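Asks: Following is a predicted model, sequence given first.
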Amino acid sequence: MEFKAEESGKRLDVAILEASDGKYTRSYFSGLISSGNVTVNGKVITKNGYKLSSGDEVAVDIPAPVDTDTKPEDIPLDIVYEDDDLLIINKPQGMVVHPACGHHEGTLVNALLAHCNGKLSDINGVIRPGIVHRIDKDTSGLMVAVKNNETHIKMAKMIADHDVKRQYRALVYGVIAHDKGTVDAPIGRAGGDRRKMVVNENGKPSITHFEVVDRYTEATDLKLLLETGRTHQIRSHMSYIGHPVVGDPLYAPRRKTFGLQGQCLHSQSIEFIHPNTGKLISFTSDLPDYYKEVLQKLVLL
């Protein structure tokens, strides 16, 4: 894709998105810029925020889709809503969302490919068809998958603009004294462990609101509302304030697990205006059995 900048001062990633045919998202183009696939006046530019000047010649090398071995698998899915554009799935704890190192089968993507007969958006490449946002392997609950690129682009923008309301439940270690609170702290990759996200002044702005549901002698049950959607946001923020999520193998590896295989974290509700019909979409899921079983082992204060 090639074009000339029409005005000065516009960010490179924004200008490319505006000049595109609408098939890709801003995050996709940001990845291409970072990977060296974009030139300005023949020079490779790797900064998304590079400011263009009027008349600059921009060239974008869009690679061909990657051919992978991701195959449809007849895996049962708990689908709470479905139409021609999107699905809302209640993902079980332990299911990986998309194929990755060590997880090439049995993922949500494998199941979606079978359920939708391959009719899923391909903006993120064929290895993650239909995935507009994700939740961790050991986090359960509601998430959205999309069936076409038009809906994908709209949903991605809604998530970026905080127009998708996502509420979680989390059981955290210790007793939180305040009934309500907000963690407003930027999150970035941990230098010593790339798997972890930590509060870092150079990280991305991250805001998590929480409210106490119940207090126990060893833990606190919380409702949490995400204002932003960073990787491991709840897990990282709760660890930062000294109350990591119960059972979290990454942020609380040596704590009592109460028999859990993974963290006690559930995406309980999701609400948004359907990007194509304009109707309100709102669903709440019951707490899963693993979560209830841990609560039954605790003593209320």
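Replies: Here it is on my side, so go on.
Asks: excluding its backbone neighbours, what's nearest residue 88?
Replies: Distance criterion CB to CB, 6 or more residues apart in numbering; nearest residue to residue 88, sequence neighbours excluded, is residue 81 at 4.2 Å. Every residue, glycine included, has its C-beta placed from N, CA and C.
Asks: Parallel or antiparallel, which strands does the helix or strand encompassing the one you found pair with?
Replies: Element membership for residue 81 (DSSP states H and E) is strand 79-82. Strand 79-82 has the following strand partners under DSSP bridges: strand 86-91 (antiparallel).
Asks: looking at the protein, which helix or strand does the model trust least?
Replies: Within the chain, no helix or strand scores below helix 26-34, which has a mean of 79 by mean pLDDT, DSSP states H and E.
Asks: What lies in contact with that one?
Replies: Helix 26-34 has contacts (CB atoms under 8 Å, 6 or more residues apart in numbering) with 12-14, 16-17, 20, 38, 45-48, 50, 60-62, 123-124, 156, 160.
Asks: can you map out the helices along the stretch 51-200 of the chain?
Replies: 108-115, 149-160 (DSSP state H, counting those that start in this stretch).
Asks: Could you figure out how far the longest one is turned away from helix 26-34?
Replies: Read it as helix 149-160. Computed by axes from the mean of the first three to the mean of the last three CA atoms, to 10 degrees, the angle separating helix 149-160 from helix 26-34 equals 90 degrees.
Asks: ok so, going back, any of the contacts of helix 26-34 buried? List them.
Replies: 12-13, 16-17, 20, 38, 45, 48, 50, 60, 123-124, 156 (16 or more other CB atoms under 10 Å).
Asks: My assumption is that residue 252 lies in a helix; please confirm.
Replies: No. Residue 252: not assigned to a helix; according to DSSP: H, G, I helix; E, B strand; the rest coil it is coil.
Asks: shouldn't it be in contact with residue 239?
Replies: Yes. Judged on CB atoms under 8 Å, residue 252 makes contact with residue 239 at a distance of 7.0 Å.
Asks: okay, and the common contacts of these two?
Replies: By CB under 8 Å, 6+ apart, residue 252 and residue 239 have these common neighbours: residue 245.
Asks: Using the record, which stretches count as separate domains in the chain?
Replies: Using automatic domain parsing, the domain ranges for the chain come out as 2-60, 64-161, 166-267+290-297.
Asks: Which residue, other than its chain neighbours, is closest to residue 85?
Replies: Per CB to CB, 6+ apart, closest to residue 85 is residue 151, 4.3 Å.
Asks: OK, contacts around the one you found?
Replies: Shown in contact with residue 151 (CB under 8 Å, 6+ apart): 85-86, 121, 275-276.
Asks: Can you turn the buried part of those into a ChimeraX selection?
Replies: The ChimeraX command for the buried members of those (criterion: 16+ other CB under 10 Å) is given here:
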select :85,86,121,275
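Asks: ok, so of the contacts of residue 151, who is nearest residue 164?
Replies: Within the contacts of residue 151, proximity to residue 164 (CB to CB) peaks at residue 275, which comes in at 10.0 Å.
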